[in-house]
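S.K.: Just the structure for this:
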Amino acid sequence: MPRRLRIHVPGGVYHVTLRGNHRQPIFHADQDRTLFNIIVARALKTFEARLHGYCWMTNHVHMVVQVGNEPLAGPMHNIAAEYARAMQKKADTSGHFFERRYHASLVDTDSYMLELLRYVHRNPVTAGIAGRIDEYRWSSHPNYCGVRNEPWVTTDFALAMFGLERRSAIAAYARFVDSEQDVPWDPSQVMAKGAAVIGSDEFAARAAGKDFVVKKRESLEALLQEACRRFEVERTMLASPVRDGYMARVRAWIAHQAATRGIATLAAVARELGRTEGALRYALRAYPEEID
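M.R.: As a prediction, this is how the structure comes out:
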């Protein structure tokens, strides 16, 4: 049976799952999960990747990983191999520790990021091993609530989607994940189908294109020049550190055009404009008239 297609998008965000062989437990004690934390943190640093969310269950793990220039296979193979060796040495055994390869889906963060985090953090509640999300220790939920700070977990990106003021963003996040609302998609069904992409048909088509990165990077400068003409601003003003409502509207237009016209990812636009992805997302929500 041929292996499922792996899509590599520099700066892309992936929902990753890794299961024990024959769905056997991969964690037997707290120190096992602590060791896994150390291994994950080290791999993220080595491959210049970011972790936006995680949940370590008994026989599997969930991770929301944003890659850099290195494909996801790098950090994931590193994590799986190092942890498997440690556990096999501990149990004095050999053979496959994890079930086949990891599963990964490229995520359209504009539409699915928050629902994905909600799904990952609610896993212990859904599985019946915790009554509330905050009762489960081994997830990134405490980081998002501001009660724990693991430097290898990135929360600013998603929290900024709830607002730029951190305290109110944390409160909004907590209300969101605690709610029992219906969700527009079910990640477990996506995984069961083996989908390589979580997103719209347009996003999937762009992600599967061979020129997903190259053409976008080549034409981003043209889009910035178009924005300067349209809004009558200087090119240097686009990346100015000065906060200005008018320029925020301009950047919202650029971010929207880059996505809808297949020019660049939000991460690429953010880098070019000297902004965070969260700030651009906030601008898109604050100035919807600029995306028409």
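
S.K.: mind giving me the domain split of this structure?
M.R.: Here the domain assignment for the chain is 13-207, 213-291, based on automatic domain parsing.

S.K.: Adding mean neighbour count and distance to I7, write those domains out as CSV.
M.R.: From N, CA and C alone the C-beta is placed, and that goes for glycine too. Shown next, in CSV, are the domains of the chain (neighbours: other CB atoms under 10 Å; distance: least, CB to CB, whole Å):
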stretch, mean neighbour count, distance to I7
domain 13-207, 17, 5
domain 213-291, 17, 11
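
S.K.: could you pull out the strands for the stretch 1-150 of the chain?
M.R.: All strands of the stretch 1-150 of the chain, identified by DSSP state E, counting those that start in this stretch, fall at 13-19, 50-56, 60-66, 103-107.

S.K.: Give me the helices and strands touching the third one, please.
M.R.: Which is strand 60-66. In terms of contacts (3 or more CB pairs under 8 Å, 6 or more residues apart in numbering; DSSP states H and E), strand 60-66 is packed against strand 13-19, strand 50-56, helix 109-121.

S.K.: Look up how far A169 lies from the residue nearest to I79 when sequence neighbours are not counted.
M.R.: Setting aside the residues directly before and after it, I79 is nearest to A43 in space (CB to CB, 6 or more residues apart in numbering), at 4.9 Å. Using CB to CB, to the nearest Å, we find A43 at a distance of 28 Å from A169.

S.K.: Check T126 too.
M.R.: For T126, the distance to A169 equals 24 Å [CB to CB].

S.K.: Put together JSON lines for the domains of the chain, with mean pLDDT on each row.
M.R.: Below are the domains of the chain laid out as JSON lines (pLDDT from 0 to 100):
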{"stretch": "domain 13-207", "mean pLDDT": "88"}
{"stretch": "domain 213-291", "mean pLDDT": "81"}
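
S.K.: Helices of the protein, start to end?
M.R.: Taking DSSP state H as the criterion, the chain carries its helices at 30-47, 73-91, 109-121, 123-126, 141-144, 156-159, 166-178, 187-193, 201-208, 214-231, 245-260, 266-273, 277-286.

S.K.: For R23, find the nearest of these.
M.R.: helix 187-193 (13.6 Å; CB to CB).

S.K.: thinking again about what came up before, okay, the helices and strands packed on strand 60-66 in a markdown table with distance to V269 next?
M.R.: Output for those, formatted as a markdown table (distance: least, CB to CB, whole Å):
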| stretch | distance to V269 |
| --- | --- |
| strand 13-19 | 15 |
| strand 50-56 | 17 |
| helix 109-121 | 12 |
